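Peer 1: return a 3D structure for these sequence lines:
(2 chains)
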Amino acid sequence: MSKRTVDLELATPGLDAQGRPARIPLTVAGGEVERQHEPTLDGEHMLMNIGPQHPATHGVLRLVVELDGETVVRVIPHLGYLHSGFEKLGEYRHYNQIIPLTDRTDYLSPMANNVGFALAAEALMGIEITPRCKVLRLIACEMSRIISHMVWLGTTSIDLGAFTPFLWAFQERERIYNLQEMWTGARLTTSVTRVGGMMADIPDQFVDGLRRFTETYPKTLHEIDRVLTRNAVWVGRTQGVGVMTADEAINYALSGPMLRASGVPYDVRKDRPYLDYETYDFDVPVGEHGDVYDRYLVRLEECHQSNRILMQALDRLPDGPVNVSDPRVILPAKSRAMNDMEAMIYHFKQVMEGVKAPVGEAYAGIENPKGELGNYLVSDGTAKPVRWRIRPPSFINLAALPKMAEGHLLSDLIAINASVDIVMGEVDR
Amino acid sequence: MTFFLISSIIKIIVVFTVIMVGVALLTLAERRICAWMQDRLGPNRVGPQGLFQPAADGLKNLLKEETLPAQADKVLFLLAPAMSFVPALLTFAVIPFATPLPTRWGDVDMVVANLPVGFLYILAFGSLGVYGIVLAGWSSNNKYSLLGGLRASAQMISYEIAMGMSTVAVLLLAGNVTLTDVIAKQSQSLFTWNVFPLSLAFFIFIVAAFAETNRLPFDLPEAEAELIAGYHTEYSAMKFSMFYIAEYANMVTASALMTTLFFGGWDIPFTQWDNTPPWTILKTVATLAAFTLKVGFFLFLYIWVRWTLPRFRYDQLMALGWKVMLPFALSYLTVIATAIWLLHDQLGWSYGTPFALALFGLNVLLAIPLFFVLDRGHLVSGSVAEEAG
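Peer 2: Take a look at the predicted model:
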């Protein structure tokens, strides 16, 4: 089966004949670019547009697919339908005001994004968070990993035609959402962290609720495992599909389950530990073949491991303050701000001026459910970053989609696209 | 003659009504059963236990806007839903669903049309359904629909052959193509139900029937994750409803066929009371209930499988059809024909329980290599696995 590389010029071609800025052709069919490349179509290939509104594009991804029969000859992803300019918006906001923006990037694991940004901001300011805060943030990260993987399992099984595991997975996700709601008041836009601490300590019933979840949740995982893992149709649809070798995966800068499924044992939690991950007992599942099936197995096992980490974290959750005691970073209690002059001044200065960061730059990478989420901050000494850059794992993983899908069938393209686990909020930012 | 005409018209009206109501209830049953499998409630608001939900849905579809794509082939676009809807209902006409009903003017056969060539009629009309789907896919002038239509035609043609082959075995055993005789032959005991002497034919038939009705794991023509809604992407309102009804009517017909060909039709097992005249109303009702139960079981099976399995890929579907089902059905037919010739013509056995059990033993022997092949991953593998080595 011949594979063809993308020979369309997709870079912005500068100015057109009239001197106006030329635009990237969003419509391939009928455009100037297509007319240039018409002979390559042979009159036999079919151009098909998948998305931005399509059941299997996980949001507003648009794929322009050249089909030879049902074989995918070429895939051109078009991005930007959900572009919100988060990074630019961040340059006009205080560090704590950026946290709600991070909710909306990878909206399937909002709490982990909050943690990732807070870690970067704290690295920039040189703040050491309290032990209780570390454990709470770790719980937030692992809860996010479970919901993100549950959504992935569910949507992927739908893309492959099995509807029932989707609802099983979503019921577990609902249970975590209930806990999230209990903690943060929101189910999706949690904004749970603050620079130097958390938005709030966990409520009283939270530990019991989470413990009950960790005890009953593996049952659903086993059910999904029994329905899918050894199912001949599932195996046939996923094994050998969308293979990325270890070298290719590294060259494409993949991260997270995508990378580990290809046999590269890289996990930020183990290799560059943050939040004391090195003190927890958990395994990092690594695949062998780098196909959709291995990605499924890796993610399924990660759910078990996250559960293990959650149980350990609940056991060791220390008492003590959640926030650092530095009044330049953390707002004083409302009662103090209303009664104590000094506290009121701090309150006023923080609300009006924000938390100032020293001149410098900082990067913090965390292992998000979808891969390595990086937050890079540059500060000029004010309370707002000069530049905030996210390393979005979905976006970088998605770049490998044409490489994986070309030469496969249309149905495989859907399966491969599902296996990348993208969230368009993060891809487009 | 007048009696025949009047009774036929009544039967047509009754059967048509029962199927349409059954299809409506089946859509509800599907939603309630899948909800049950998925730990949720399903539609339960309209009427007791949601019983009026299908009526509400039907009303909604009647009132919705009919859309017609500007570039569609209008005649075919309008014709396609009917083409898919009508054969689904027509096929049921030759299926006997109970013992004859005695009336003052004579016995009434409980089958709409007791055709001498009933079986060929089923094969003929069963394969007409594909036209509706292909025409819908082509006339919509939509690439998704086109792919769906193409998939449907390839799939239905492939599985039609295996399906036909598996039923030839039934005809060999029955020695007749009238469905009434097929049932009569099966009703001697429980083990003379064709599912025992011809278990593998039944296996082929049920797989092919799933493929023929475009249900999961063979629902590639409408694979919603890939082709949005496949061949009926561009259809709305009542025209969409027609496809929907056709799918369920096809399920009912396929279930009725499985019942008739392999599970003794309306026969009640463990008794000969229902097979012998004189016919009474009680017998008619009892056999009708038995038939309904069996059909209901297969319908449940359809729903059960649909909400459990993932979907095949197109090349896997074709490989299964042409590389496994067809050769297997052919060789199976040869073996069964030889066995019947040996038992019937050489040894002089007449058809009965020992005859059926002997064939059943043969089936068990044949099943071992079949499932060995099926289970070894020869069928289902990645589309580029060979290249990757």
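Peer 1: going forward, measure contacts between C-alpha atoms and count neighbours the same way
Peer 2: Will do.
Peer 1: which helix in chain B has the most residues?
Peer 2: Counting residues, the longest helix found in chain B (DSSP state H) is helix B:2-37.
Peer 1: what residues does the stretch 51-200 of chain A have near chain B?
Peer 2: A:54-56, A:157-165, A:167-168 (Cα under 8 Å from any Cα of the partner chain).
Peer 1: now, which of these lie within helices?
Peer 2: Using DSSP H to define helices, the subset of these located there is A:157-159, A:164-165, A:167-168.
Peer 1: reformat the residues of the stretch 51-200 of chain A next to chain B into TSV and put neighbour count and pLDDT next to each item.
Peer 2: Output for those, formatted as TSV (neighbours: other Cα atoms under 10 Å in any protein chain shown; pLDDT from 0 to 100):
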residue	neighbour count	pLDDT
A:54	19	83
A:55	20	78
A:56	25	78
A:157	23	89
A:158	23	87
A:159	28	87
A:160	28	87
A:161	26	84
A:162	23	85
A:163	21	85
A:164	23	88
A:165	28	89
A:167	20	89
A:168	21	90
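Peer 1: distance to residue A:370 for the ones in helices among the residues of the stretch 51-200 of chain A next to chain B - can I get that in CSV?
Peer 2: Putting those into CSV (distance: Cα to Cα, whole Å) gives the following:
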residue, distance to residue A:370
A:157, 17
A:158, 19
A:159, 18
A:164, 23
A:165, 20
A:167, 21
A:168, 21
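Peer 1: those residues: which two are farthest apart?
Peer 2: Pairwise distances across these (Cα to Cα) peak at 15.4 Å, for the pair A:159 and A:168.
Peer 1: tell me the SS of residue A:47?
Peer 2: Using DSSP: H, G, I helix; E, B strand; the rest coil, the structure places residue A:47 in strand.
Peer 1: residue contacts, it?
Peer 2: The neighbours of residue A:47, taking Cα atoms under 8 Å, 6 or more residues apart in numbering or on different chains as the test, are A:29, A:64-67.
Peer 1: by neighbour count, which of those wins?
Peer 2: Neighbour counts for those (other Cα atoms under 10 Å in any protein chain shown) peak at residue A:65, which has 23 neighbours.
Peer 1: just the strands in the chain please.
Peer 2: If you meant another chain, say so; for now it's chain A. Residue ranges of the strands in chain A, as given by DSSP state E, are A:46-50, A:62-68, A:71-78, A:193-194, A:197-198, A:360-368, A:371-379, A:385-391.
Peer 1: the chain in question should be chain B.
Peer 2: B:101-103, B:106-108.
Peer 1: circling back: from the ones in helices among the residues of the stretch 51-200 of chain A next to chain B, pick the one nearest residue B:191.
Peer 2: Of those, the one sitting nearest to residue B:191 (Cα to Cα) turns out to be residue A:164, at 36.1 Å.
Peer 1: ok, the closest one touching residue B:38?
Peer 2: Yes. Assessed by Cα atoms under 8 Å, residue A:164 is found in contact with residue B:38 at 5.8 Å.
Peer 1: got any residues that touch both of the two?
Peer 2: With Cα under 8 Å, 6+ apart, residue A:164 and residue B:38 have no common neighbours.
Peer 1: ok, now which ones touch the one residue in the stretch 251-400 of chain A that gets nearest to chain B?
Peer 2: Nearest to chain B, among the residues of the stretch 251-400 of chain A, is residue A:291, at 9.6 Å (Cα to the nearest Cα). Residues in contact with residue A:291 (Cα under 8 Å, 6+ apart) are A:238-244, A:261-262.
Peer 1: try it again at 6 Å.
Peer 2: A:240-243 (Cα atoms under 6 Å, 6 or more residues apart in numbering or on different chains).
Peer 1: residues near residue A:234, how many?
Peer 2: Residues near residue A:234, counting by other Cα under 10 Å: 23.
Peer 1: got the residues of the stretch 201-350 of chain B near chain A?
Peer 2: Contact residues (Cα under 6 Å from any Cα of the partner chain) of the stretch 201-350 of chain B with chain A: B:225, B:307, B:309-311.
Peer 1: could you report the neighbour count for residue A:316?
Peer 2: 10.
Peer 1: the one 10 residues further on now?
Peer 2: Residues contacting residue A:326 under the criterion other Cα under 10 Å number 11.
Peer 1: residues in contact with stretch B:365-373?
Peer 2: By Cα under 6 Å, 6+ apart, stretch B:365-373 touches no other residue.
Peer 1: CA atoms only: put it into PDB for me.
Peer 2: Below are the C-alpha coordinates for stretch B:365-373, written out as PDB (Å, rounded to 0.1, in the frame of the first residue of the first chain):
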ATOM      1  CA  LEU B 365     -17.400 -32.400  15.100                       C
ATOM      2  CA  LEU B 366     -17.400 -29.800  12.500                       C
ATOM      3  CA  ALA B 367     -17.700 -27.000  15.000                       C
ATOM      4  CA  ILE B 368     -14.300 -27.700  16.500                       C
ATOM      5  CA  PRO B 369     -12.300 -26.700  13.400                       C
ATOM      6  CA  LEU B 370     -14.600 -23.800  12.700                       C
ATOM      7  CA  PHE B 371     -14.200 -22.200  16.100                       C
ATOM      8  CA  PHE B 372     -10.500 -23.000  16.000                       C
ATOM      9  CA  VAL B 373     -10.300 -20.900  12.900                       C
END
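Peer 1: ok, residue B:241 - contacts?
Peer 2: Contacts of residue B:241 by Cα under 6 Å, 6+ apart: none found.
Peer 1: what about it, distance to chain A?
Peer 2: 21 Å (Cα to the nearest Cα, to the nearest Å).
Peer 1: so where's chain A shaky on pLDDT?
Peer 2: A:1-43 (pLDDT under 70).
Peer 1: how about residues contacting stretch B:169-182?
Peer 2: Against stretch B:169-182 from outside (Cα under 6 Å, 6+ apart): B:116-119, B:333.
Peer 1: and the helices in the stretch 1-150 of chain A?
Peer 2: Here the stretch 1-150 of chain A has its helices, by DSSP state H, counting those that start in this stretch, at A:32-36, A:86-90, A:95-103, A:110-125, A:131-159.
Peer 1: out of these, which comes closest to residue A:305?
Peer 2: helix A:131-159 (9.2 Å).
Peer 1: what about that closest one, distance to the chain center?
Peer 2: 10 Å (Cα atoms, centre = their mean, to the nearest Å).
Peer 1: what's the burial count for residue 128?
Peer 2: Because you didn't say which chain, this covers chain A. When neighbours are counted by other Cα under 10 Å, residue A:128 comes out with 14.
Peer 1: that answer is for a different chain, and I need it for chain B
Peer 2: Neighbours of residue B:128 (other Cα under 10 Å): 17.
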